[in-house]
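S.K.: What follows is a predicted structure for the sequence shown.
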Amino acid sequence: MNKFDRQSSSADIGPLPDDIAEELSRLPTEVISVSDAPSLAPPAPLSTDEVRTIVISLMLTMFLAALDQTIVATALPTIGRQFQDVSNLSWVITAYLLAGTAVAPVFGTLSDIYGRRAMLITSLSLFVAGSVLCAVAPNMPMLILARGLQGLGGGGIMPVVQTVISDVVSPRERGQYQAYFSSVWMVGGILGPVIGGVFAEHLHWSMIFWINLPLAAAALALLLPKMGKIPVFHRKRKVDWLGGVLLMAAAVVFMLVLTWGGTRYPWLSPTILAMVGGSIALAFVFIWHARRAAEPFLPLPLLSGTVAPYAMTAGGCALGALTGLTVQLPLYYESVYHLSASEAGLALIPLAAISTCGAAIAGRTMVHAKHYKRVAIVGTSFAAVCGLGLALTTLPLWGLLTLMGVFALGLGTTFPVCVVSLQNSVTRSQIGTITGAMNFFRSLLSSFTVAAFAAILLIALGTDVPLAGEHHHHGAVNAIASADMMTAFRYVFGAAAAMMACAALCLIAMEERPLAGPAAAQPVEMAE
């Protein structure tokens, strides 16, 4: 034993001074779970084939949610006849939309706490359980409740899928993947009414729900084996359930106002005014609680800054204009151009399909361009000009569809730029939260736009005109003079142009932060 060993040995067995021992006794002794500790080594990168498999399974999963937003519409008359209840038919769709909108931020936040795998399985399980209950529902009330359960799952699918994509690909490459999912959403929205009508007419209306089971099973079979390789960025923490309940309650009451206002109750009726006051009160209580909670359900600073408010507003305006026109344009086609209901539905395809092309162009541009938001600024500006042109000119059907196609092309560029910019502005452990919040506010703004466009038409045409899903009443539609309908829709097109101008201004004001990832959409060799 040398002298250094002897010194070390004597120091080890000697007592500590009293002041040092007292200081050590006051140190915290918190034990950190091993599961919360960072990984000692980075996970193995996903291969191109694994990324492709994950993307395909996620696209199939999102197709389920997109399909069930519209597949029920054409089967409603058949369902109403079987249950002998027509007055509550609208709730079959409304229950799904209410539940889906309310839970979008919940699933986004929970995916940041418990992980993407758990929340994706949960949302798909709720969706499948709701589908089964819808298929076997013995009466209208049970069908409406089952649709609400299905909406809980469907509302969770969208934010979780978008969050998983952010875990798999870099921000620079993410735009083109968001464009793929926009196309899936468009295809699901277009095919939904067609498939629903075929099932209701030639098979049985319950098939529109049974079809979800094999599709969900296929999505899980493709995805689950690969989920273990997806990088983990969630952080376990205490869940602010009170904040989540307050946010959902405020959203549900607000959505009910938009659903019932002007239809079941007049806009200035005591019931609607009381509901508006209740929604505002719940929102203020939520904000008050979020400012005081140690770990709030939706951190308010996350929604501020130089990116989030502008990206959310721009994306909400674009989706609101698209949804509002999709709902109200069939009335215009039937009254002005004398199209049948099916022909009016076909005339909507350019609006939906070409907007997906715009999203694809923006997504591809983001892979290569340093100033990626310029494509969306140009696109939304063109859309605003086209909307103004629709408001100021009278065109034949082919001219209207052409101008509407250019409008949709510019509008579609907004979506990938806004989604990727939002996700790129927060830490990895908050991507689920910001994605859920984005989907939540988009849905609210879309519902508000549909109600606003309906209110514009009601003011211009009178309170006896069929709106928002009631276009199949040809007698009422034909009773409206074409000139009056054209005049009324000038205000609708003008409102859509104003929304796209607002989106363009928000994109100009939004900070353009650099995107991480390769400069081109090609695989990068990993270092040995």
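M.R.: Looks like it arrived, so ask away. Numbering: from 1, shown residues only.

S.K.: residues of the helix or strand where Pro159 lies that come out buried?
M.R.: Using DSSP states H and E, Pro159 sits in helix 140-168. Neighbour counts over helix 140-168 (16 or more other Cβ atoms under 10 Å) mark 140, 143-168 as buried. Heads up, the C-betas are built off the backbone N, CA and C, glycines and all.

S.K.: just checking, what packs against whichever helix or strand comes after that helix?
M.R.: Downstream of helix 140-168, the next assigned helix or strand under DSSP H and E is helix 171-202. Contacts defined by 3 or more Cβ pairs under 8 Å, 6 or more residues apart in numbering; DSSP states H and E place helix 171-202 against helix 48-70, helix 76-83, helix 140-168, helix 207-210, helix 349-368, helix 414-424.

S.K.: and Ser304, which of these is closest to it?
M.R.: helix 414-424 (12.7 Å; Cβ to Cβ).

S.K.: Quick check: Gly405 touching Pro350?
M.R.: Yes - using Cβ atoms under 8 Å, Gly405 is in contact with Pro350, at 4.7 Å.

S.K.: For Leu145, give me its contacts.
M.R.: Going by Cβ atoms under 8 Å, 6 or more residues apart in numbering, Leu145 touches Ala95, Leu133.

S.K.: So the nearest residue to Gly320 once chain neighbours are set aside versus Gln328, what's the distance?
M.R.: Spatial nearest neighbour of Gly320, excluding adjacent residues (Cβ to Cβ, 6 or more residues apart in numbering): Thr449 at 3.4 Å. According to Cβ to Cβ, to the nearest Å, Thr449 and Gln328 sit 10 Å apart.

S.K.: Those two: who's more crowded?
M.R.: In this view Thr449 and Gln328 are compared by other Cβ atoms under 10 Å, and Thr449 has more residues nearby, 25 against 22.

S.K.: for the helix or strand where that one lies, packing partners?
M.R.: Assigned by DSSP H and E, Thr449 belongs to helix 431-461. Where contact means 3+ Cβ pairs under 8 Å, 6+ apart, helix 431-461 is packed against helix 90-114, helix 140-168, helix 241-260, helix 308-336, helix 414-424, helix 482-509.

S.K.: Nearest approach to Cys134 belongs to which of these?
M.R.: Here helix 140-168 is closest among the helices and strands packed on helix 431-461 (Cβ to Cβ), at 4.3 Å.

S.K.: got the angle between that closest one and helix 431-461?
M.R.: The directions of helix 140-168 and helix 431-461 differ by 130 degrees, with axes from the mean of the first three to the mean of the last three Cα atoms, to 10 degrees as the criterion.

S.K.: Could you tell me the angle between helix 140-168 and helix 90-114?
M.R.: Using the same axes, to 10 degrees: helix 140-168 against helix 90-114 is 30 degrees.

S.K.: Report the mean per-residue pLDDT for helix 140-168.
M.R.: Averaging pLDDT along helix 140-168 yields 86.

S.K.: can you put the helices and strands packed on helix 431-461 in CSV and add distance to Ala455?
M.R.: As requested, these are arranged in CSV below (distance: least, Cβ to Cβ, whole Å):
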stretch, distance to Ala455
helix 90-114, 18
helix 140-168, 25
helix 241-260, 10
helix 308-336, 11
helix 414-424, 24
helix 482-509, 10
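
S.K.: Can you say which of these is packed in most?
M.R.: helix 414-424 (a mean of 28; mean count of other Cβ atoms under 10 Å).

S.K.: quick check, distance from it to the centre of its chain.
M.R.: 12 Å (Cα atoms, centre = their mean, to the nearest Å).

S.K.: Output the contacting helices and strands for that helix.
M.R.: So helix 414-424, by 3+ Cβ pairs under 8 Å, 6+ apart, packs with helix 140-168, helix 171-202, helix 308-336, helix 349-368, helix 374-392, helix 431-461, helix 482-509.

S.K.: quick one on the thing from earlier: which among the helices and strands packed on helix 431-461 is found nearest to Pro225?
M.R.: The nearest among the helices and strands packed on helix 431-461, by Cβ to Cβ, is helix 140-168 at 14.3 Å.

S.K.: any idea of the angle the closest one forms with helix 76-83?
M.R.: 140 degrees.

S.K.: If I take helix 140-168 and helix 171-202, what angle do their directions form?
M.R.: Using the same axes, to 10 degrees: helix 140-168 against helix 171-202 is 160 degrees.

S.K.: Report the separation between Asp85 and Ile195.
M.R.: 23 Å.

S.K.: Between these two, point out the one with more neighbours.
M.R.: Ile195 (19 against 16).

S.K.: My guess is the more buried one contacts Ile71. True?
M.R.: Yes - using Cβ under 8 Å, Ile195 is in contact with Ile71, at 5.7 Å.

S.K.: where do the contact lists of these two overlap?
M.R.: Ile208.

S.K.: for the protein, what are the low-confidence residue spans?
M.R.: For the chain, applying pLDDT under 70 flags the ranges 1-46, 231-235, 462-479, 516-528.

S.K.: tell me the contacts of the residue nearest the centre of it?
M.R.: Residue closest to the mean C-alpha point of the chain, counted by Cα atoms, centre = their mean, is Asn439 at 3.4 Å. Applying Cβ under 8 Å, 6+ apart, we find Asn439 in contact with Ala104, Pro105, Gly108, Gly155, Met158, Pro159, Gln162.
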